[in-house]
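[1] Here's my sequence, what's the structure:
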Amino acid sequence: MKVYILTPEKTLYEGEAKAIIVPGSHGQFEVLDRHAPIVSSLTKGSVQLTDTSGQKHDFPISKGFIEVMQNEVNVLVRQG
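    As a prediction, this is how the structure comes out:
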């Protein structure tokens, strides 16, 4: 799946991924390939991404939103 993790200032990640775990407003959840469409707000925590080579990436956030649609994941966040 294609993943974009963006702040108002810069792109934190753009590329393919196997999985992404986010701190949703009602609890942490994981998005995998071909996930059903969803929009959710995010709370303070960490966005954890596993890329297609198996490497893990960690992005601390203060808040944000995630949108999943047609195997594309857009994560709009604020850091700090």
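
[2] Relative to residue 36, how far out is the residue in the chain sticking out farthest from the centre?
    With CA atoms, centre = their mean as the measure, the chain has its most outlying C-alpha, relative to the mean C-alpha position, at residue 53: 17.1 Å. Remark: distance between residue 53 and residue 36 (CB to CB, to the nearest Å) = 26 Å. Where C-beta positions appear, they are placed from N, C-alpha and C, glycine not excepted.

[3] And for residue 24?
    Distance, residue 24 to residue 36, using CB to CB: 14 Å.

[4] Who has more neighbours out of the two?
    Remark: of residue 24 and residue 36, residue 24 carries more neighbours, 16 against 7, as counted by other CB atoms under 10 Å.

[5] What strand or helix carries the closest residue in space to that one that isn't next to it in sequence?
    Leaving aside its sequence neighbours, residue 24 sits nearest to residue 40 (CB to CB, 6 or more residues apart in numbering; 4.9 Å). If you go by DSSP states H and E, residue 40 is part of strand 38-42.

[6] With residue 45 as the reference, measure out to the closest residue to residue 44 other than its chain neighbours.
    Closest residue to residue 44 apart from its sequence neighbours, by CB to CB, 6+ apart: residue 62 at 5.3 Å. Taking CB to CB as the measure, residue 62 falls 9 Å from residue 45.
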